[in-house]
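>>> Can you look at this prediction? I've put the sequence above it.
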Amino acid sequence: MRHTGRLQGKAPMTRPIVTRFAPSPTGMLHIGGVRTALFCWLFARRHGGRFILRIEDTDLSRSTDDNIRIIEEGMAWCGLDWDEGPVVGDPSAWTGPHGPYRQMQRMDRYRARIQDLLDQGLAYRCRCDREALALRRTAVEKAGKVFQYNRGLDAGKGCAEAGHDASQAAAIRFRMPVGGDIVVRDLIKGDTRFPADSLDDWIIARTGDGPGEIGVPTYNFCVVVDDTQMEVTHVIRGDDHLNNTPKQIPLFEAFGYDLPAFAHVPMILGADGAKLSKRHGATSITEYQAMGLLPSAVRLALARLSWTPKIDGKAVESAEEELLTDAQMIQLFDLDDCQKSAARFDMDKLQWINQKLIQRSPWQELEPHLRPFLPAAWAEKPKAWRARAIQCTQKGKSLKDMAEALTFAFVRPETFEGAEKFLTPLVLPALREVRALTDYSHEGLEAAFTDLLARHGLKTKDLAQALRVALCGKPVSPGIYDTLLLVGPEEVAARLARWL
RNA sequence: GGGGCUAUCGUCUAGGGGUCAGGACACCGCCCUUUCACGGCGGUAACACGGGUUCAAAUCCCGUUAGCCCUACCA
C-alpha cells in the first residue's frame, strides 16, 4: 500500500471537523451542487465543526461576480449557512481566518507552493507546445496505446530531454510517483486502488506570461493547497472527483500534509437516468424556489437521495419517520448510511414532502415564504384574516398552489360557461338571504346555513356550490364558511348582486 | 482504447448466506365528504444476465451487459 497517508480515512480527533463546498461560479447554482453542499453542511453541523464556502474561479472565461452572487443567494435561500467564506454582495470581503475564499485572490499562495515544489524537484517546467503534444498524443493513440506525458509509452520524452529553450515561457508539471497503487480510502465508496502508472505528470500551472513566470494554477492543484491551508478534515464532494483524488494524494504528500478523509457522494440523475440537465426541468435552485417549495422541503428531499437515515440502526419505516426535521437530520446524518450509487431525482417525493411540511408548519412560519406569491393587497389584511387564509389552504402541494387557491379573495371573478348549472332558480332565493347575513363567525354561518337549507329544502352541496361559483367564478374553493369569511360581507353582497 | 465507480418494485431504498424480499413516494381501488383537496383502509409491483462456491445465494467469488466518471495548459 504505497502512497497512502497515515491519517487518510480518519481525521485527527484533535482537530475540529471542517468541510467545504467549492463551486465554480460558471452559471446557476445546480441542484446537484446544492445536494453536495447539503451533505457537507449536515456533516459539519453533526460534528459541531465548521463549514466553508469557497469559490473556485480559476476558469477566467466563465467566472463572474454575478455568478458568485447567484451561488451565495442560492445557498442562503436553502438555509445552508457557512461559517467561513465570501460575504454576500461584497466581492472583496470575507469572514473566517483562512481567506480570501476566492481562488483568484489566492494566487500568491499557489505560486509560493509551486515554487517550493520546483525547488525540491517535485515539479518541473514543461515547454512542449500544445500542437506538438497533440501530435504525440494522436501518434501514440493511433498505435492503440495510451498517451501519458512522460510516462508509459511516452516515457523519457519529457522536456528535459526534448531540449526546449529555457527562455520560453513554461507550464509546470507535477512529478507523479511511478509504480504501485495509489489507494483512495473513501468513506462512502470504500477503498479504491488506482495503478500509479495509469496517471501521468499532470499540469499544475498553465503556461506563464514569460520565462520563469508561473501561470494560473489548475483546479487539481488549487484544491489541495486550499484544503490543506483551510484545514479541511473531510473532503465531501461529487463522485465525479473520485478519479481526481489519486492525482491529488501525491500532492498532499509532497507538501508534507496529512490527508483529509474523502467521501465521494453519488450524483443526482434525471428521472430517465441520464445526467440531470435542463431538459429534465428544473436544475437551478432558483427554479425550485419559484415553484413554491419550502427550503426545508428541498433540504429533506435532497438529503434523502442517497442517504437513508437510521434510527437506532434501523432505516426509517414510516411516512411519519420520513419527515425529518433539520435537527433530526443533523443528529442522524452519517456518511456510513450513504448509498454508493447515483439516484434519480424524484419530483413526486419532493412535492409530497413539501405538502407535508406545509401542513405541519404554523401559519406564521409559512407567511414569509408565501408572501412573494401573493398580491400586494395581502399586507393590508388583518392578522386574523391572514391566519385564516393560510390555514384553510395548507392542504396545497406548494406555496404557489396556496396562493392560487386564494386569488378569489383578491379578485372579483369572471363568470364562466356552465355557471347556471350551479346557480339554479331553486337556490337563488337562498342566495338572496345569504346577501343579508352579518354574523360571519364560523358558528354563525353554520347556524344560518342550517336554517336556510331547511327552509328552502336544499342540500348543503347545492348552496355551497352555487356560492362558490358566484363568489369565486369556479366550483372550487376552501370550505364554504372560510370562503365567505375571506371574501367578507360587503364583497359577498356585491359579488352576489349580479346573479339576483 | 486505458483506468475507476455503479446495479433490489416505475422512483428513493431496507435487507449482506435460510425473510411470504420490508418501508416510503407514485399508481390503482374502497371509505369519508359542502367542491377541490386532506385523511383512513386495502392492492398491484423488484433482487440486470451468466457461471461458480454452498445443503442453501438478492446476499460471497468470477465473468458479461448497461449507465456514469476520469483520461484538458475545464472545474
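Right, received. Where do you want to start?
>>> Pull up the residues of the stretch 101-250 of chain A that are close to RNA strand B.
Along the stretch 101-250 of chain A, the residues adjacent to RNA strand B under the rule CB under 7 Å from any atom of the strand are A:126-130, A:133, A:137, A:144-148, A:171, A:189-190, A:192-195, A:198, A:202-203, A:206-207, A:215-216, A:218-220, A:239-244. Yep, even glycine has a C-beta here, placed from its N, CA and C like the rest.
>>> Mind giving me the PyMOL command for buried ones among those?
Here is the PyMOL command that picks out the buried ones among those, judged by 16 or more other CB atoms under 10 Å:
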select buried, chain A and resi 126+127+128+137+147+148+171+189+192+194+202+203+207+215+216+218+219+220+239+241+242+244
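>>> List the ones among the residues of the stretch 101-250 of chain A next to RNA strand B that fall in helices.
Counted as lying in helices by DSSP state H, out of these, are A:130, A:133, A:137, A:219, A:220.
>>> Let me see the ranges of the helices in the stretch 401-500 of chain A.
Per DSSP state H, counting those that start in this stretch, the stretch 401-500 of chain A carries helices over the ranges A:428-434, A:442-456, A:460-472, A:480-487, A:489-497.
>>> export those to TSV and tack on distance to residue A:166?
Listed next are the helices of the stretch 401-500 of chain A as TSV, based on distance: least, CB to CB, whole Å:
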stretch	distance to residue A:166
helix A:428-434	95
helix A:442-456	89
helix A:460-472	82
helix A:480-487	81
helix A:489-497	86
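>>> export those to CSV and tack on mean pLDDT, mean neighbour count and distance to residue A:416?
What follows is those, written out as CSV (pLDDT from 0 to 100; neighbours: other CB atoms under 10 Å; distance: least, CB to CB, whole Å):
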stretch, mean pLDDT, mean neighbour count, distance to residue A:416
helix A:428-434, 91, 16, 17
helix A:442-456, 91, 14, 24
helix A:460-472, 94, 20, 8
helix A:480-487, 95, 21, 17
helix A:489-497, 92, 15, 14
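>>> So which residues on the stretch 251-400 of chain A come close to RNA strand B?
Proximity of the stretch 251-400 of chain A to RNA strand B is confined to A:267, A:269, A:271, A:273-275, A:304-308, A:314-319, A:322, A:337, A:339-344, A:346, A:348-349, A:351-352, A:355-356, A:359, A:395-396 under the rule CB under 7 Å from any atom of the strand.
>>> try 6 Å this time
Applying CB under 6 Å from any atom of the strand, we find that the stretch 251-400 of chain A lies next to RNA strand B at A:267, A:273-275, A:304-306, A:308, A:315, A:317-319, A:322, A:339-341, A:343-344, A:346, A:348-349, A:352, A:395.
>>> Ok, which of the helices of the stretch 401-500 of chain A comes nearest residue A:115?
Comparison of the helices of the stretch 401-500 of chain A against residue A:115 by CB to CB identifies helix A:480-487 as nearest, at 70.5 Å.
>>> quick check: angle from the closest one to helix A:460-472?
For helix A:480-487 against helix A:460-472, the angle by axes from the mean of the first three to the mean of the last three CA atoms, to 10 degrees is 20 degrees.
>>> Can helix A:480-487 be said to contact RNA strand B?
Yes. For helix A:480-487, a contact with RNA strand B is found by CB under 6 Å from any atom of the strand, at A:480, A:481.
>>> Name the residues that touch that helix?
The contact list for helix A:480-487 (CB atoms under 8 Å, 6 or more residues apart in numbering) reads A:385, A:388-389, A:392, A:406, A:408-409, A:434, A:437, A:440, A:442, A:445-446, A:449, A:463-464, A:467-468, A:471-472, A:477-478, A:492, A:495.
>>> Could you pull out the buried residues of stretch A:293-311?
Applying 16+ other CB under 10 Å to stretch A:293-311 flags A:293-307, A:309 as buried.
>>> how far out from the middle of the chain is that stretch?
11 Å (CA atoms, centre = their mean, to the nearest Å).
>>> For chain A, which helix or strand comes out least confident on mean pLDDT?
Confidence across the helices and strands of chain A bottoms out at helix A:159-162, with a mean of 53, counting by mean pLDDT, DSSP states H and E.
>>> show me the contacts for the closest residue to residue A:243 other than its chain neighbours.
Spatial nearest neighbour of residue A:243, excluding adjacent residues (CB to CB, 6 or more residues apart in numbering): residue A:194 at 7.8 Å. If a contact means CB under 8 Å, 6+ apart, then residue A:194 has A:181, A:182, A:183, A:184, A:243, A:246 as its contacts.
>>> what's the answer for residue A:236, then?
Applying CB under 8 Å, 6+ apart, the residues near residue A:236 are A:19, A:36, A:39, A:40, A:43, A:263, A:265, A:335.
>>> so where's chain A uncertain?
Scanning chain A with the threshold set as pLDDT under 70 gives A:1-13, A:151-164.
>>> Provide the backbone phi and psi angles at the nearest residue to residue A:395 once chain neighbours are set aside.
Of all residues not flanking residue A:395 in the chain, residue A:359 sits nearest, at 7.0 Å (CB to CB, 6+ apart). Backbone geometry at residue A:359, expressed as degrees, to the nearest 10, gives phi -60, psi -40.
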